[in-house]
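Engineer: return atomic coordinates for the entry below.
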Amino acid sequence: MKAVKQVEGRAYPWGAVNIDTDIIIPSKWLKTITREGLGQGAFETVRAEPGNVFDDPDHKGAPILIAGDNFGCGSSREHAVWAMLDMGITAVIAPSFSDIFAGNAFKNGLVTVELPQEQIDRLLEVAKSDEIMIDLETETVTTPFQDRFEFTLDPFRKHCLMNGLDEVALTLANADAIDAHERHQAEVTPWLVPQ
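Structural biologist: Next comes the predicted model:
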């Protein structure tokens, strides 16, 4: 997982509420065995509409999505996070997230920032023309207009995101302790050691 300390750039000013994972990535894209290319299917039904924010040249390739309440509801498909990452989105700012989506996002390095609706409304306005910055160290979202919105990250999730630690990396960080435990177990229960 790639370490994320800051996310800065343009944002998709979408603001739609109750966006479920089927809108993020339709089920027909779930047949793949790789994560690459899922960005093509991200928000496919929305992108089919003329004048949608995702295909607006002013926002194309934006690393931030500003969404509405209850983002990521619906099924627990991890593909939704993979699709967003593949299209270049590394952070989503919304008033709330589905628990399962937030968990999948964290485990894959997608930053989720919860802010009150009035701050979301302000960011939707700013994102129409200017960049936004998310700083995980200071837990703030700032704009070129001196807006400064504070959010809270779980300390463990913050540590993992800022250091690029997924579940495998966290386990490998304890490799010495695991090896010591296995050596000890081999000594006290030698009959369990494969020959």
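Engineer: let me know the outermost residue of this protein.
Structural biologist: Relative to the C-alpha centroid of the chain, counting by C-alpha atoms, centre = their mean, residue 191 is the outermost residue, at 45.6 Å.
Engineer: surely that one forms part of a helix?
Structural biologist: Yes. Judged by DSSP: H, G, I helix; E, B strand; the rest coil, residue 191 forms part of a helix.
Engineer: now do the SS call for residue 77.
Structural biologist: When the structure is split into helix, strand and coil by three-state DSSP, residue 77 lands in coil.
Engineer: okay, now it: neighbour count?
Structural biologist: 21 (other C-beta atoms under 10 Å). Just so you know, the C-beta spots here come from the backbone N, C-alpha and C atoms, and that holds for glycine as well.
Engineer: ok, and the closest non-adjacent residue to it?
Structural biologist: What sits nearest to residue 77 in space, not counting adjacent residues and going by C-beta to C-beta, 6 or more residues apart in numbering, is residue 21, at 4.8 Å.
Engineer: tally of neighbours for that neighbour?
Structural biologist: Residues near residue 21, counting by other C-beta under 10 Å, number 25.
Engineer: before we move on, what about residue 71?
Structural biologist: Other residues near residue 71 come to 30 when the count uses other C-beta under 10 Å.
Engineer: which ones are touching it?
Structural biologist: In this structure, residue 71 makes contact with 19, 92, 94, 96-98, 101, judged by C-beta atoms under 8 Å, 6 or more residues apart in numbering.
Engineer: filter those residues down to the buried ones, PyMOL style.
Structural biologist: Paste this into PyMOL to select the buried members of the contacts of residue 71, with burial taken from 16 or more other C-beta atoms under 10 Å:
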select buried, resi 19+92+94+96+97+98+101
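Engineer: mind checking which of the contacts of residue 71 are in helices?
Structural biologist: Filtering those for membership in helices, criterion DSSP state H, returns residue 101.
Engineer: mind putting the contacts of residue 71 into TSV with pLDDT?
Structural biologist: Converted to TSV, the contacts of residue 71 look like this (pLDDT from 0 to 100):
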residue	pLDDT
19	97
92	98
94	98
96	98
97	98
98	97
101	97
